[in-house]
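Undergrad: Okay, here's the prediction I keep looking at, along with the sequence it came from:
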There are 2 protein chains.
Amino acid sequence: MPLKPKSTEDVLQDNTCSAVEPPEKLEVLIGYHLRRASIHDLNGAVAALNDVNTRPVPASVLLTIVENPGVSSADICRMLGMQRANIVSILSELEGRGLFVRETDPADQRIQKLYPTRHGQEEAKTFMALLQAHEDTMLQRLSAAERQQLRMLLAKIWQDDGV
Amino acid sequence: MPLKPKSTEDVLQDNTCSAVEPPEKLEVLIGYHLRRASIHDLNGAVAALNDVNTRPVPASVLLTIVENPGVSSADICRMLGMQRANIVSILSELEGRGLFVRETDPADQRIQKLYPTRHGQEEAKTFMALLQAHEDTMLQRLSAAERQQLRMLLAKIWQDDGV
DNA sequence: TATTGTTATACTCTATAACTATA
DNA sequence: TATAGTTATAGAGTATAACAATA
């Protein structure tokens, strides 16, 4: 019955996996597709943010500050799953561009609370618009329902990471 | 009617996005979840392969050689979406471990065809088993149907990358 | 003792340019 | 000229250890 040769898609959708030939194919691994898709997205996001002189990680940090006025840098690191040591240079760059200000917490002198400036809020909105435009291109083959389900499935994978 | 407070999941599933408050949340971006899920997977894959002294990229390269005996290094780079320059040290390590051999193509002296050794085939099988065990853990919250659909959705995202 | 912000350092992955040899 | 394999180098992201100030 199958007149056409077995395509990659056929193989992927066949998870019965006959015992004769072990599935030694990289393409059956979801982690492989996760990585390729993530790199594809990252490249697009880098290109989208290039015009406004930022990159995905700094943009995520600014968005986190705008969404959570008064967060500390340690808070951001826990939320984004990064090391405290690695946010220092990112914050100092965003601060140098006047996108947020630091205020020492009167209740705990160790903590610097971060507040977006008006300019920071506007830039965050610009970054978000550029990222969403990039996503629309990247996900053009996916219906709205598929995008929503993809987001839900991905969230299930990493939902127990620290947070 | 909604007695419970709006959870993150509710927000994510609400893509109607009222005009009052712009969706300036990082969590609506699929790219963000893609990145977090991919990092989560990568960490697990690194841990899974640690006992056999390899890492995800070298493992992928060996698997590609085993799946395609006689490929060239440039072929592998095109298939995996990596730079030719970056595969050199990986190949020299795998070769040093006796996992594959190089044979200059008699028809084109520029090309080295790569063939797995018996030991390489066995190691590839081990790598694959470890990666699949890791994926089973990572995807425990997803049904078989969800895993299959996730793989399909991810493949749609990067399917036009070079290849 | 634990946490915050910070410095210094190292490793992986990725990217680019340039070389050689072959075609 | 175009491609294969290689070398060298640089940048981003990530990771750990250690420190001073504060709790």
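TA: Perfect, I can see it now. Numbers count the residues shown, from 1 in each chain, chains lettered A, B, ... in the order given.
Undergrad: where's A:M152 relative to B:A74, distance?
TA: Using CB to CB, to the nearest Å, A:M152 is found at 39 Å from B:A74. For the C-beta atoms, the positions are set from N, CA and C on the backbone; glycine is no exception.
Undergrad: got the residues of chain A near DNA strand D?
TA: By CB under 7 Å from any atom of the strand, the residues of chain A that approach DNA strand D are A:R55, A:P56, A:V57, A:P58, A:M82, A:Q83, A:R84, A:A85, A:N86, A:D108, A:Q109, A:R110.
Undergrad: Which of these are buried, as a PyMOL select command?
TA: Entered in PyMOL, the line below selects the buried ones among the residues of chain A next to DNA strand D, by 16 or more other CB atoms under 10 Å in any protein chain shown:
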select buried, chain A and resi 56+58+82
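Undergrad: Return the member of the residues of chain A next to DNA strand D nearest to A:G44.
TA: Closest approach between those and A:G44, by CB to CB: A:P56, at 9.9 Å.
Undergrad: Would you mark the buried spots in stretch A:61-70?
TA: Result for stretch A:61-70 [16+ other CB under 10 Å]: buried residues A:V61, A:L62, A:L63, A:T64, A:I65, A:V66.
Undergrad: what does stretch A:77-96 give?
TA: A:C77, A:M79, A:L80, A:M82, A:I87, A:I90, A:L91, A:L94.
Undergrad: burial of the residue nearest to A:N68 when sequence neighbours are not counted, as a residue count?
TA: Once flanking residues are discounted, A:N68 sits nearest to A:D75: 7.3 Å by CB to CB, 6 or more residues apart in numbering or on different chains. If you count neighbours by other CB atoms under 10 Å in any protein chain shown, A:D75 ends up with 16.
Undergrad: what does A:T137 give?
TA: 9.
Undergrad: that older thread, Serialize the buried residues of stretch A:61-70 to CSV and add fields for secondary structure, distance to chain B and pLDDT.
TA: Formatted as CSV, these follow (DSSP: H, G, I helix; E, B strand; the rest coil; distance: CB to the nearest CB, whole Å; pLDDT from 0 to 100):
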residue, secondary structure, distance to chain B, pLDDT
A:V61, helix, 10, 96
A:L62, helix, 10, 96
A:L63, helix, 5, 96
A:T64, helix, 7, 96
A:I65, helix, 11, 97
A:V66, helix, 6, 96
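Undergrad: Identify, from these, the entry nearest to A:F100.
TA: Closest approach to A:F100 among these (CB to CB): A:I65, at 5.1 Å.
Undergrad: buried ones in stretch A:138-151?
TA: Neighbour-count burial for stretch A:138-151, counted by 16+ other CB under 10 Å, picks out A:M138, A:L139, A:L142, A:R147, A:Q148, A:Q149, A:L150, A:R151.
Undergrad: Take these and lay them out in CSV including secondary structure.
TA: Shown next, in CSV, are the buried residues of stretch A:138-151 (DSSP: H, G, I helix; E, B strand; the rest coil):
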residue, secondary structure
A:M138, helix
A:L139, coil
A:L142, coil
A:R147, helix
A:Q148, helix
A:Q149, helix
A:L150, helix
A:R151, helix
